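*Asks:* Give me a 3D structure for the following:
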Amino acid sequence: MPAFLPDLPTLTQSIKDWGRELGFAHVGIAGVDLGEHEQHLERWLAAGYHGELDYMAAHGSKRAHPEQLIPGTLRVVSLRMDYLPGDTRMAQVLAQPEKAYVSRYALGRDYHKLVRKRVQHLADRIEQAIGPFGYRAFVDSAPVLEKAIAQEAGLGWIGKNTLLLNRKAGSYFFLAELFVDVPLPVDPAQTSEHCGRCSACLDICPTQAFVGPYVLDARRCISYLTIELKGAIPVELRAMIGNRVFGCDDCQIVCPWNRFARPTQENDFMPRHGLDNAELAELFLWDEARFLSLTEGSPLRRAGYERWLRNLAVGLGNAPSTIPVLEALGARREDSSELVREHVQWALDEHRRRADHC
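*Replies:* Coordinates of the predicted model:
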């Protein structure tokens, strides 16, 4: 904690103003008591819904206790940055099975560096105002319950699809946190949720990954299957994935609150290399050098080249049996990766099966 503190309400307002100047659409202040969110996490982990997300079970209770993760933390500054490009064409691409659907957050540059740099700039502004203080910035980089913190900071409520929802902005945004040792006045928590009787997100999920409202079985979630899962995608889920090759936005697309989502002002989040409207067959022909070149600084790197091909093979297996689709699959029938070969063979078998039933 700094040796001298100015008027804290005035400092808090300045932090919010500086945050908006840095491109954050909403800034709120939370305490360190996350209450029932810790019990919800424990029940979710006990049920095994996290699958291979071992990091969710690591670090003991620190995930739900900011003051344990970073000793001395008194408050958390929660920040929201919108990412949705203006012309998303989400429904249109999903309706064209020969196209590759990439989750809209992943079309541009990786958000981690950009957002974290902005949070660091905010910390620098605070330090200029009050002198040295204790802080730590996070953007998906540590065991932090970011949605719980954001709800406690008044940024929104956790909806039935387990995402943070905001009445004026929907859910197409990134979250970041600045842990501080300054006793800033906290904002009122979002104690009410506004999903009502709506179950559109639960009903639309292609793989029926929701156990119920507010509970997601990650092992069936397309985002998990196409990004986090290291091995083979379960056979029984492949047809349900359709043309979604990196992540899934279905539960956001149908959410009524996303009619209020605002286009991002960040050029780095705009689509690159035509990935918002690319052909599955075209992407499947990329060699590794081209993949690495065109995904430099992109969230797609998280999956890596082998899993990228795995995902595309599934998409091609669900695509119409056109000449480009079949030729693309045939070209990788003898791929060096056993994982890719297995999914290519499944895709070819799917086309053969459908042909036999015509």
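
*Asks:* all contacts plus neighbour counts: C-alpha atoms, from now on.
*Replies:* Noted.

*Asks:* Assign the residue nearest to the spatial centre of the chain to helix, strand or coil.
*Replies:* Averaging the C-alpha coordinates of the chain gives a centre point, and the residue nearest to it by CA atoms, centre = their mean is residue 105 (6.9 Å). Using DSSP: H, G, I helix; E, B strand; the rest coil, the secondary structure recorded for residue 105 is helix.

*Asks:* Look up how far residue 10 lies from it.
*Replies:* Between residue 105 and residue 10 the distance, using CA to CA, to the nearest Å, works out to 34 Å.

*Asks:* For the spatially closest residue to residue 229 that is not a sequence neighbour, the count of nearby residues, please.
*Replies:* Using CA to CA, 6 or more residues apart in numbering and skipping the chain neighbours, the partner closest in space to residue 229 is residue 52 (6.8 Å). Other residues within reach of residue 52 by the criterion other CA atoms under 10 Å amount to 14.

*Asks:* Could you tell me how far residue 52 is located from residue 58?
*Replies:* 12 Å.

*Asks:* can you check residue 91 too?
*Replies:* 37 Å.

*Asks:* ok, how many other residues are close to residue 86?
*Replies:* So residue 86, with other CA under 10 Å, has 12 neighbours.

*Asks:* my read: it touches residue 263, true?
*Replies:* Yes: with contacts counted by CA atoms under 8 Å, residue 86 reaches residue 263, the gap being 4.8 Å.

*Asks:* Residue 165: what's it in contact with?
*Replies:* Contacts for residue 165 were tallied using CA atoms under 8 Å, 6 or more residues apart in numbering; they are 156-159, 171, 257.

*Asks:* How is it classified with respect to secondary structure?
*Replies:* With three-state DSSP as the criterion, residue 165 reads strand.

*Asks:* Show me what it bridges to in the sheet.
*Replies:* When bridges are taken as DSSP bridges, the partners of residue 165 come out as residue 157.

*Asks:* List buried residues within the contacts of residue 165.
*Replies:* Among the contacts of residue 165, those that count as buried by neighbour count (16 or more other CA atoms under 10 Å) are 156-159, 171, 257.

*Asks:* Include pLDDT and distance to residue 128 when you put these into JSON lines, please.
*Replies:* Compiled in JSON lines, the buried ones among the contacts of residue 165 are given as follows (pLDDT from 0 to 100; distance: CA to CA, whole Å):
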{"residue": "156", "pLDDT": "98", "distance to residue 128": "30"}
{"residue": "157", "pLDDT": "98", "distance to residue 128": "33"}
{"residue": "158", "pLDDT": "97", "distance to residue 128": "34"}
{"residue": "159", "pLDDT": "97", "distance to residue 128": "38"}
{"residue": "171", "pLDDT": "97", "distance to residue 128": "33"}
{"residue": "257", "pLDDT": "97", "distance to residue 128": "38"}
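
*Asks:* returning to that earlier point: nearest to residue 145 among the contacts of residue 165?
*Replies:* Minimum separation from residue 145 among those (CA to CA) is found for residue 158, which lies at 11.7 Å.

*Asks:* Chain neighbours aside, what residue packs nearest to that closest one?
*Replies:* In space, residue 158 is closest to residue 164, 4.4 Å off (CA to CA, 6+ apart).

*Asks:* Touching, the one you found and residue 156? I think so.
*Replies:* Yes: the pair formed by residue 164 and residue 156 meets the contact definition of CA under 8 Å, at 6.0 Å.

*Asks:* between these two, what contacts are shared?
*Replies:* With contacts taken as CA under 8 Å, 6+ apart, the residues that reach both residue 164 and residue 156 are residue 150.

*Asks:* Tell me which stretches of this protein form strands.
*Replies:* For the chain, the strands defined by DSSP state E cover 26-30, 75-82, 101-102, 135-138, 157-158, 164-165, 173-180, 210-212, 215-216, 244-246.

*Asks:* for those strands, which one sits closest to residue 301?
*Replies:* Shortest separation from residue 301 across those is recorded for strand 244-246, at 10.5 Å, computed as CA to CA.

*Asks:* Which strands and helices lie in contact with the closest one?
*Replies:* Using 3 or more CA pairs under 8 Å, 6 or more residues apart in numbering; DSSP states H and E as the contact criterion, the elements in contact with strand 244-246 are strand 101-102, helix 304-318.
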